[in-house]
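**Q** A predicted structure for the sequence below; I have some questions about it.
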Amino acid sequence: MDCLVAGCGLTGSVIARQLAERGAQVEVWDRRAHIGGNMYDYVDEHGFLVQKYGPHTFHTKKKELFDYMCRFEQWQEYKLTCGAVWNGQYTPTPFNFTTIDTFFPPEQGERLKGKLKAAFAGREFATVVEVLEHPDPDIRAYAEYLFEKDYAPYTAKQWGISSAEIDPSVLKRVPLRFSYDEGYFDDSYQVMPVHSFTRFFKNLLDHPNITVKLGVEALKHLRVANGTLLLNGVEITAPVVYTGALDELFEGIYGHLPYRSLRFEWHYTEQGSIQAAPVVAYPQEAAYTRITEFKKLPLQDKAGSSYALEYPVPYSEGQAMEPYYPVLTEESKKQYAKYRKLAEQIPNLIFCGRLADFKYYNMDQALENALNICKAL
Ligand SMILES: Cc1cc2nc3c(=O)[nH]c(=O)nc-3n(C[C@H](O)[C@H](O)[C@H](O)COP(=O)(O)OP(=O)(O)OC[C@H]3O[C@@H](n4cnc5c(N)ncnc54)[C@H](O)[C@@H]3O)c2cc1C
């Protein structure tokens, strides 16, 4: 073996493939029983392709990243639409003029749309923060209404804090549209696999120089002692690509890094459709944030529907739960920096991916990082 890769998600699998194509013998381990990391999908008992770890669509502005994905799977154009429901009424998200028509009386709505068009002339959208800070009281009141009905309760559930603690500045990247246009992303490439994300991974890992071992906890074999990596107690000098969490690798010596986790509650109905979009937020529900209806992600034309309710929960290591979202605070960033410093001192350790970097990455960012790491190796 020329290289060991811990983690068979997008980061680990892409690095394994790149190295294998250069002639290296690569072994990939994952503690889970499947390939694909959080992008793993499978056909459930009702015949629907579902995503075990929540809704994923691939989107990027970069052609070279899309081209890379095309080497291992065919892709169909797919523009994700999302929505939110409160007071029993549906609106698309990001909020647009349909939102105003739905929740405001016609006369007030027309006036508001006119004011927004004039105030943000020539722009398709602005961030919620810009609208919240606008001098016109009607425009501000619109953003405050959305904040109270949707953003604050949603964010509070997501992070396990009270609505009153939500600082509106967290919305500085959340867009509000000034038209009837729908769609979640503006990227030039927005796609879903023709077969599945898992098929993409099967093809990516299908190389004579790659051996995949599933159900293998890397940290049962891999340890750090005196700044060197030990494999089953013996120093390993070959490169080790580690895509797990750094606090786990260093046995939590600086404490555990904080994460939020998710619990998915799976349902099936004979009904043809349960909601207007594949991913819909329910800010007034006490415990779950959103529902994903998989027959719409991508479109699967058959009777019945499989869907999952998403409950944010605190993460605690060692329980049967996954670390999904890093909780980024000044303190956790400092704590992570200490682990990173230790990791940087180990010359044959290549740590990367959303866990080892303690960052939220979209798939295209994870892919780009993985390709850049291989260029540098
Ligand atoms: C709910 C949700 C929705 C998302 N939706 C989108 C989306 O729509 N579009 C988008 O672009 N991105 C989306 N993402 C982000 C996307 O999931 C990530 O970009 C991508 O999965 C990152 O890949 P990775 O390989 O870095 O991490 P992962 O996919 O987490 O892979 C890491 C792998 O390492 C394994 N591992 C960790 N530690 C060990 C160990 N000690 N021993 C053995 N194995 C180990 C894990 O089991 C895992 O399989 C979403 C993420 C979440 C949580």
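**A** Thanks, I have it. Being a predicted model, the structure only gives us computed values, none of them experimental. Numbers count the residues shown, from 1 in each chain.

**Q** and the closest residue to the ligand within the stretch 51-200 of the chain, which of the three is it?
**A** Among all residues of the stretch 51-200 of the chain, residue 54 sits closest to the ligand, at 2.8 Å; criterion: CB to the nearest ligand atom. For the C-beta atoms, the positions are set from N, CA and C on the backbone; glycine is no exception. When classified by DSSP: H, G, I helix; E, B strand; the rest coil, residue 54 comes out as coil.

**Q** so it touches residue 39, yeah?
**A** No. Residue 54 sits out of contact with residue 39 when judged by CB atoms under 8 Å, with a separation of 9.9 Å.

**Q** out of the two, which sits in the more crowded spot?
**A** residue 39 (23 against 16; other CB atoms under 10 Å).

**Q** Name the nearest residue to that one, ignoring sequence neighbours.
**A** Leaving aside its chain neighbours, residue 39 sits nearest to residue 197 (4.4 Å; criterion: CB to CB, 6 or more residues apart in numbering).

**Q** try residue 208
**A** residue 20 (7.9 Å).

**Q** From residue 254, how far off is that neighbour?
**A** 35 Å (CB to CB, to the nearest Å).

**Q** just the helices in the stretch 51-200 of the chain please.
**A** 63-70, 97-103, 106-119, 128-132, 137-146, 152-159, 197-205 (DSSP state H, counting those that start in this stretch).

**Q** Look up the pLDDT of residue 375 for me, please.
**A** On pLDDT, residue 375 comes in at 92.

**Q** any idea of the angle whichever helix or strand it is part of forms with helix 63-70?
**A** Residue 375 is part of helix 363-376 when elements are defined by DSSP states H and E. Here helix 363-376 runs at an angle of 90 degrees relative to helix 63-70 (axes from the mean of the first three to the mean of the last three CA atoms, to 10 degrees).

**Q** touching the ligand at all, helix 363-376?
**A** Yes. Contact between helix 363-376 and the ligand, assessed by CB under 6 Å from any ligand atom, occurs at 363-364, 366.

**Q** and what of stretch 329-344?
**A** No. Using CB under 6 Å from any ligand atom, we find that stretch 329-344 stays clear of the ligand, coming within 13.8 Å at best.

**Q** now that stretch, how far from the chain's geometric center?
**A** Centre-to-centre, stretch 329-344 and its host chain are 22 Å apart (CA atoms, centre = their mean, to the nearest Å).

**Q** residues making contact with it?
**A** By CB atoms under 8 Å, 6 or more residues apart in numbering, the residues outside stretch 329-344 that reach it are 224, 246-247, 249-250, 254-255, 257-258, 326, 349, 351, 356, 358.

**Q** Save the residues you listed as TSV, and put in pLDDT, neighbour count and secondary structure too.
**A** Conversion of these to TSV gives the following (pLDDT from 0 to 100; neighbours: other CB atoms under 10 Å; DSSP: H, G, I helix; E, B strand; the rest coil):
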residue	pLDDT	neighbour count	secondary structure
224	96	18	strand
246	97	22	helix
247	96	23	helix
249	97	25	helix
250	97	15	coil
254	97	16	coil
255	96	12	coil
257	95	23	coil
258	93	20	coil
326	92	21	strand
349	97	22	strand
351	98	23	strand
356	98	25	helix
358	96	23	coil
